[in-house]
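*Asks:* Starting from these lines, generate the structure:
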Amino acid sequence: MAISTTDPSAVSALKEQHRATWADGDYPAVAQHIADVPPAAILDAIDVDGKDLLDVATGSGNLALAAAREGARASGLDLVEELLAVARARADADGLSIPFTQGDAEALPYADDSFDVVTSIFGVQFAPRAEVIASELRRVCRPDGHIALVNWTKDGLIGRLFQVMGRYMPAPPAFVTPPARWGDEAFLRELFAGDDVTITRRTNPFVFPSVEAYMTFFEENYGPTKRAKAKLQAEGRWDDLRADLRALYTELNVATDGSLHIDAEFFLVVISQER
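*Replies:* Below you'll find the predicted structure:
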């Protein structure tokens, strides 16, 4: 798959928009709801003890901290300094020495073949250009190493959330890989063609007292939803989107007691380097 090219200023502008979006709200609060199952999926699949591990788009550090507790020499990188400050504080509180670096997943500030394991949980899925990301992940991973990704599937809760929001929000630039592509098995196998790619389906539970409580939590804390609300309220269209989102959450809710329990599907993708 060829590396896409476009106007560097357009890419930089989009990344700044992404940085501001993920800094908005309280993403560390959201990350608490994905702190257990996704990291455990990776750590059950790959032995990280004694390994050099890089967690790309680490956010508030869920995987990096979990890997360090398992004996990895863990590092983390993220575009958003505000999230890294939370990750550093968490590491300090746990007595863990983890270097957290502010940087771009499309231009990783590490030498070739630096890590035994390279991971990302719901992170690189939201970067602009999949081909650039895949090239960088492979570059910094040692030839006998592993890349492990956790991506929301295109037909699960989060994939469908972005489909619904996409009907109301402006289309992204043409050079952007939609996040849903990372939740498509055929696309992933093409993206990492030539490597040994294993893909399994898992679910992460979201449990809240009610559908309304879930909706309010994401509207206040999840950057993409918070920003969509601000834009659409100004246009008089927020109530329409909110009704569509309520219908989606109600459809997927398996709780029968008035609470909310949605099992959000994700892919665990393990790529063994073949080079």
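*Asks:* quick one: the helices in the stretch 51-200 of the chain?
*Replies:* 62-69, 81-93, 130-140, 157-166, 185-191 (DSSP state H, counting those that start in this stretch).
*Asks:* contact partners of the fourth one?
*Replies:* Contacts with helix 157-166, where a contact means CB atoms under 8 Å, 6 or more residues apart in numbering, come from 122, 152-153, 178-180, 183, 206, 224-225, 228, 241, 244-245, 248, 252, 262-265. The way it works is simple: take the backbone N, C-alpha and C, and place the C-beta from them, glycine included.
*Asks:* Return a ChimeraX selection command for the buried portion of those residues.
*Replies:* With 16 or more other CB atoms under 10 Å as the burial test, the buried ones among these are selected in ChimeraX as follows:
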select :122,152,153,178,179,180,183,206,224,225,228,241,245,252,262,263,264,265
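*Asks:* From the contacts of helix 157-166, which land in strands?
*Replies:* By the criterion of DSSP state E, membership of these in strands covers 152, 206, 262, 263, 264, 265.
*Asks:* The spatially closest residue to residue 217 that is not a sequence neighbour and residue 158, how far apart?
*Replies:* Leaving out its chain neighbours, the residue that sits closest to residue 217 by CB to CB, 6 or more residues apart in numbering is residue 208, at 6.7 Å. Per CB to CB, to the nearest Å, residue 208 is found 15 Å from residue 158.
*Asks:* For residue 90, list the residues it contacts.
*Replies:* 60, 61, 65.
*Asks:* quick one: which of residue 208 and residue 158 has more around it?
*Replies:* Counted by other CB atoms under 10 Å, residue 208 and residue 158 do not tie: residue 158 has more neighbours, with 23 against 20.
*Asks:* so how far is residue 203 from the more buried one?
*Replies:* Distance, residue 158 to residue 203, using CB to CB: 11 Å.
*Asks:* thinking again about what came up before, of the contacts of residue 90, which count as buried by neighbour count?
*Replies:* Using 16+ other CB under 10 Å, the buried ones in these are 60, 61, 65.
*Asks:* of those, closest to residue 14?
*Replies:* Closest to residue 14 out of the buried ones among the contacts of residue 90 is residue 60 (22.7 Å), distances taken as CB to CB.
*Asks:* distance of the closest one from residue 138?
*Replies:* With CB to CB as the criterion, residue 60 and residue 138 are 26 Å apart.
*Asks:* In contact with the closest residue to residue 111 other than its chain neighbours, which residues?
*Replies:* Of all residues not flanking residue 111 in the chain, residue 140 sits nearest, at 7.5 Å (CB to CB, 6+ apart). By CB under 8 Å, 6+ apart, the contact list for residue 140 reads 54, 108, 110, 111, 112, 113, 114, 115, 118.
*Asks:* let's see it at 7 Å
*Replies:* Residues in contact with residue 140 (CB atoms under 7 Å, 6 or more residues apart in numbering) are 54, 108, 110, 112, 114, 115, 118.
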